[in-house]
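Engineer: Sequence plus predicted model, see below.
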Amino acid sequence: MTTWEYFVAPILSHVAQQLLNNFGSEGWELIQLAPARTPTPSSATSSARPRADERKRAPHRTGDRPAPVAAPVAAYVPATRAGAQIWTSGQLPFIDGVLTATGKVGAEVSQAAATTAARVAALNAVAAAAEVAGGIDRIGRVLKLVVFVASAPDFTAQPAVANGASLLIGDIFGEHGVHVRSAVGVAALPLDAPVEVELVVEA
């Protein structure tokens, strides 16, 4: 089992559980994910102890690797490198090509469902950054997170929704995931998604 594989099961399983809690059987239909893999003692040991040249960059906490990189919905790339930094395009909360929710937060979408969507979108952003970096182990630290929240006129809890993304980053990268952040309320997002997440990392 590679280090990349070792980062897969718990985080996506947690996201899946949140979808089940929020959407019941409909959430299960959205998940469509492979079951978590339990490492054998030997593989867990080899994964938990990366090679010396990887230790500096390897995240400190175990979890799921990101899902496959979501295909762009227009004429752009999911992520690009600028020197030691990788910038992602805005990532939507897709699971297997399906949005976890649609509509405005505070109206059609609950705050809890939006927080789960932010977590999924952040996972997609990590996947996009990792693909450009050459693997999740090559990401040294997370620098910045931007979370856009499609908000009903009276909804003002954008930071609480954005915490879904921030906590996901912490679950994956530990102390290397401490980041600056903006949480921005907007009138609408592409495809009527409730959230969109951008990520800047160092690799």
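Structural biologist: Yes, it's here. Residues are numbered from 1 along each chain as shown.
Engineer: mind checking the end-to-end distance for stretch 90-100?
Structural biologist: 16 Å (CA to CA, to the nearest Å).
Engineer: what's the top helix by length along the chain packed up against?
Structural biologist: Longest helix in the chain by number of residues, with DSSP state H as the criterion: helix 111-133. Here helix 111-133 touches helix 9-23, strand 79-82, strand 85-88, strand 94-95, strand 141-150, helix 158-173, strand 195-202, going by 3 or more CB pairs under 8 Å, 6 or more residues apart in numbering; DSSP states H and E. All C-beta atoms are positioned from the backbone trio N, CA, C, and that covers glycine.
Engineer: Low-confidence ranges, the protein, go.
Structural biologist: By pLDDT under 70, the low-scoring segments of the chain are 1-68.
Engineer: Give me the phi and psi angles of Glu175.
Structural biologist: phi -60, psi -20 (degrees, to the nearest 10).
Engineer: okay, now it: neighbour count?
Structural biologist: Residues lying near Glu175 (other CB atoms under 10 Å) number 10.
Engineer: same thing with Ala162?
Structural biologist: 25.
Engineer: now swap in the one 4 residues further on and tell me
Structural biologist: Look at Ser166: counted by other CB under 10 Å, it has 21 neighbours.
Engineer: returning to what we had before: for Ala118, find the nearest of the helices and strands packed on helix 111-133.
Structural biologist: Across those, Ala118 has its closest neighbour in helix 158-173 (3.7 Å, CB to CB).
Engineer: Put the alpha carbons of the closest one into CSV.
Structural biologist: Once non-C-alpha atoms are left out, helix 158-173 reads as follows in CSV (Å, rounded to 0.1, in the frame of the first residue of the first chain):
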residue,chain,number,x,y,z
GLN,A,158,-20.3,31.7,6.0
PRO,A,159,-17.3,31.2,8.4
ALA,A,160,-19.1,28.2,10.0
VAL,A,161,-19.7,26.7,6.5
ALA,A,162,-16.0,27.3,5.6
ASN,A,163,-14.9,25.4,8.7
GLY,A,164,-16.0,22.2,7.0
ALA,A,165,-13.2,22.8,4.5
SER,A,166,-10.7,24.0,7.1
LEU,A,167,-11.2,21.0,9.4
LEU,A,168,-10.8,18.7,6.4
ILE,A,169,-7.4,20.3,5.6
GLY,A,170,-6.4,19.8,9.3
ASP,A,171,-7.5,16.2,9.2
ILE,A,172,-5.2,15.5,6.2
PHE,A,173,-2.2,17.7,6.9
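Engineer: What is that helix packed up against?
Structural biologist: Partner elements for helix 158-173 (3+ CB pairs under 8 Å, 6+ apart): helix 9-23, helix 111-133, strand 141-150, strand 180-186, strand 195-202.
Engineer: Tabulate those in a markdown table, adding columns for distance to Ser166.
Structural biologist: As requested, those are arranged in a markdown table below (distance: least, CB to CB, whole Å):
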| stretch | distance to Ser166 |
| --- | --- |
| helix 9-23 | 14 |
| helix 111-133 | 8 |
| strand 141-150 | 6 |
| strand 180-186 | 6 |
| strand 195-202 | 10 |
